[in-house]
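[1] my questions concern the predicted model and sequence given below.
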2 protein chains.
Amino acid sequence: MAVLLLWPFHSPHFNSHTSIITQPLPSSSRSFSFGKRFSCSSSSTSMEHHESKFKEFPYASVPHRELMVELVSTMENRLGASLVPCTLPSHVQYFENESATAHASLYVRSGNSSSQVDFILGSWVHCNLPTGGALNITSLSAYLRPSTDAPNFLIEVIRSSPTTLILILDLPPRKDLVQHPDYLKTFYEETQLDKQRQLLEKLPEVKPYFSSSLYIRGLVSPSAILVSIETEPSQAIRIDEIIQDHISPVAKVMLDTWLDLCACTERRLTDDESTDLAKRDRIIKNKTIEIDLESSFPRLFGQEVANQVLGVLREIYNS
Amino acid sequence: MAVLLLWPFHSPHFNSHTSIITQPLPSSSRSFSFGKRFSCSSSSTSMEHHESKFKEFPYASVPHRELMVELVSTMENRLGASLVPCTLPSHVQYFENESATAHASLYVRSGNSSSQVDFILGSWVHCNLPTGGALNITSLSAYLRPSTDAPNFLIEVIRSSPTTLILILDLPPRKDLVQHPDYLKTFYEETQLDKQRQLLEKLPEVKPYFSSSLYIRGLVSPSAILVSIETEPSQAIRIDEIIQDHISPVAKVMLDTWLDLCACTERRLTDDESTDLAKRDRIIKNKTIEIDLESSFPRLFGQEVANQVLGVLREIYNS
């Protein structure tokens, strides 16, 4: 599921609303040099370089970067040694298209064999737009194993101009909530997660965001934060204020809730429950890769790079 | 499920947002005389009287009434002889509270033994508000049997003032869409139901509506229309224009889709699928009655009337 939400292709900027991605991407100059294309070698030096590059979020504004860095470090610090180091090949840790108008970084750390965490996945994407601007996306998601049925974690921040932001922030459920009202009660009602959504809803710049993908809308929880934020051109700085003063505290509460209640709490499941859960998790992952990445990824990064990255992501998602 | 959506208790006017229903209801004068309280006898004369009373929607504005009458007659005409006559006892077809400040009418027709329709359920509720105004709710829903897995139908129109309206209009899914992307494709993507939602979304008076019940939010489909509509006090007539020019055509398209694709199309299910479906349908119905009606109904109509009506509804929902 993370992949679908990770990449921009479900956003209005990448689908039927504006169809940016259906046009050939420009081969014009990049906004700044990002260094030469990395080779496929995966020496530890190269890996360290890419890991730190991921955490630099080089294209994000300061408040946007600080938010992402804090979320990644909070998650890593809390999960500690239960996460093994990132072993992605360097050409997946960082990649770009032939004309260097689109760049991306991926960061994956799997849980060790005794962890409830399957893997955490961070990313950023920067892409010049035909309109002259640039699209910047950052995301962090965490997937749990079928040893627990607790929800996953997801945040994605999409900026397609200095005055617009789309935020997707949720603990996506791993069970059908209609059939499992106790699950709804435990993870969503008793945690009062909807209050966090309501905090953002109060801001005049904030509107509900409807993904063009009905599958995405069905995947998220009833208290998911899916909002678009737009300010007047003269008030571009307001978006960064909103990130710092409103999105950051809400995201931290939701991550803390996930860490406390989902990642670090044991749930006793029967073998049948784990089997059903593994099946549902797998359907989501396969559907995710099918409906978004396989069609859009080649357009952004070219077929060769797309194949390489998609191959690695499929392995991670199906391991 | 219909019951939860049928009654106002999940709306902002009946829960934590405004808590109207947590206050004692006024025993002040009713807006007009509705005739004496009906007895429990269920003679055919009494039944016919109540049936027609249901279809009069006596408290609704003209466009609101015309919309409901057209939806009910379209559904009844199309389903024809597969529906048996309404056999509700008269004290459930119409009831009111002791002080006659709250009135309601229910209308249920079950499908005959060879029909895919379990039952259709219509209602209206009129209730004087402590603020001096009145709340008017009308609804129509249809439930299918586990011989098909096709979605149900639901419309609810809630008016708590001349300038506000809440609309809930959906084909609520009967399977977990995350696990059944083909089901999502058949009933929601290929039918392009979301275009109907988008038509209403374009109107400046229309805003997304978030039910305070997370269970409700989880029950509806990703293309569900959940909107609140509000106009300036000087433009109260605009709400009726919106009903006539925008809500009516959208509701008719959605009902036609439901009749064509859900009620009148056979779906071949395995025994296991039907068993799972029946289980899920039952959870929804029990949860529905538990979380809304059992707590709120007595406050609106008094314990005695509530018990009588709830008893009959439980029988219908569990038959």
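    Great, that's in hand.
[2] residues from the stretch 201-319 of chain A in reach of chain B?
    Residues of the stretch 201-319 of chain A lying close to chain B (CB under 8 Å from any CB of the partner chain) are A:201, A:208, A:210, A:214-215, A:217-219, A:221-223, A:279-280, A:283-284, A:287. Just so you know, the C-beta spots here come from the backbone N, C-alpha and C atoms, and that holds for glycine as well.
[3] in PyMOL, select just the buried ones from those residues.
    Provided next is the PyMOL selection string for whichever of those are buried by 16 or more other CB atoms under 10 Å in any protein chain shown:
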select buried, chain A and resi 210+214+215+217+218+219+221+222+223+280+283+284+287
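[4] quick one: which two of the residues of the stretch 201-319 of chain A next to chain B are the most distant?
    Greatest spacing in these, by CB to CB: A:201 and A:279 (34.9 Å).
[5] so where's the stretch 151-300 of chain A shaky on pLDDT?
    A:291-292 (pLDDT under 70).
[6] just the strands in it please.
    A:153-161, A:164-170, A:206-208, A:225-230 (DSSP state E, counting those that start in this stretch).
[7] could I get the ones you listed as a markdown table with distance to residue B:146?
    Output for the strands of the stretch 151-300 of chain A, formatted as a markdown table (distance: least, CB to CB, whole Å):
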| stretch | distance to residue B:146 |
| --- | --- |
| strand A:153-161 | 34 |
| strand A:164-170 | 31 |
| strand A:206-208 | 34 |
| strand A:225-230 | 33 |
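[8] out of these, flag the one nearest residue B:64.
    That would be strand A:206-208 among these, by CB to CB, at 25.7 Å.
[9] and the helices in the stretch 51-200 of chain A, which stretches?
    Here the stretch 51-200 of chain A has its helices, by DSSP state H, counting those that start in this stretch, at A:62-79, A:90-93, A:181-184, A:193-201.
[10] what angle sits between the longest one and strand A:153-161?
    Looking back up the chat, that one is helix A:62-79. Inter-element angle recorded for helix A:62-79 and strand A:153-161: 170 degrees (by axes from the mean of the first three to the mean of the last three CA atoms, to 10 degrees).
[11] list the buried residues for helix A:62-79?
    A:63, A:64, A:65, A:67, A:68, A:71, A:72, A:74, A:75, A:78, A:79.
[12] which residues touch the closest residue to residue A:274 other than its chain neighbours?
    With sequence-adjacent residues excluded and distances taken as CB to CB, 6 or more residues apart in numbering or on different chains, residue A:274 is closest to residue A:146, at 4.5 Å. Counting by CB atoms under 8 Å, 6 or more residues apart in numbering or on different chains, residue A:146 makes contact with A:269, A:274, A:275, A:277, A:278, A:281.
[13] again with residue A:126
    A:31, A:58, A:59, A:102, A:103, A:104, A:134, A:135, A:136, A:137.
[14] related to what we said a few turns ago, any chance of the buried residues of helix A:62-79 in JSON lines, plus distance to chain B and pLDDT?
    Formatted as JSON lines, the buried residues of helix A:62-79 follow (distance: CB to the nearest CB, whole Å; pLDDT from 0 to 100):
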{"residue": "A:63", "distance to chain B": "27", "pLDDT": "97"}
{"residue": "A:64", "distance to chain B": "26", "pLDDT": "97"}
{"residue": "A:65", "distance to chain B": "31", "pLDDT": "97"}
{"residue": "A:67", "distance to chain B": "25", "pLDDT": "98"}
{"residue": "A:68", "distance to chain B": "27", "pLDDT": "98"}
{"residue": "A:71", "distance to chain B": "24", "pLDDT": "98"}
{"residue": "A:72", "distance to chain B": "27", "pLDDT": "98"}
{"residue": "A:74", "distance to chain B": "26", "pLDDT": "98"}
{"residue": "A:75", "distance to chain B": "24", "pLDDT": "98"}
{"residue": "A:78", "distance to chain B": "26", "pLDDT": "97"}
{"residue": "A:79", "distance to chain B": "25", "pLDDT": "97"}
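[15] now distance to residue B:111 too, for those residues, in JSON lines please.
    Listed next are the buried residues of helix A:62-79 as JSON lines, based on distance: CB to CB, whole Å:
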{"residue": "A:63", "distance to residue B:111": "58"}
{"residue": "A:64", "distance to residue B:111": "55"}
{"residue": "A:65", "distance to residue B:111": "59"}
{"residue": "A:67", "distance to residue B:111": "54"}
{"residue": "A:68", "distance to residue B:111": "54"}
{"residue": "A:71", "distance to residue B:111": "52"}
{"residue": "A:72", "distance to residue B:111": "55"}
{"residue": "A:74", "distance to residue B:111": "54"}
{"residue": "A:75", "distance to residue B:111": "52"}
{"residue": "A:78", "distance to residue B:111": "54"}
{"residue": "A:79", "distance to residue B:111": "53"}
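[16] max pairwise distance over the residues you listed: which two?
    The most distant members of those, if one measures by CB to CB, are A:63 and A:79, lying 24.7 Å apart.
[17] my guess is residue A:109 contacts residue A:140. True?
    No. Taking contacts as CB atoms under 8 Å, residue A:109 lies outside contact range of residue A:140: 11.2 Å.
[18] which residues are in contact with both of these two?
    residue A:120.
[19] check contacts around the closest residue in space to residue A:170 that isn't next to it in sequence.
    Distances taken as CB to CB, 6+ apart place residue A:224 nearest to residue A:170, at 3.8 Å, with adjacent residues excluded. By CB under 8 Å, 6+ apart, the residues touching residue A:224 are A:168, A:169, A:170, A:172, A:197.
[20] as CSV, those with distance to residue A:317 and neighbour count would be great.
    Shown next, in CSV, are these (distance: CB to CB, whole Å; neighbours: other CB atoms under 10 Å in any protein chain shown):
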residue, distance to residue A:317, neighbour count
A:168, 19, 24
A:169, 22, 24
A:170, 19, 25
A:172, 15, 21
A:197, 28, 22
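[21] now the two most distant members of the residues you listed.
    Those two in these that are separated most widely, counting by CB to CB, are A:172 and A:197, at 14.1 Å.
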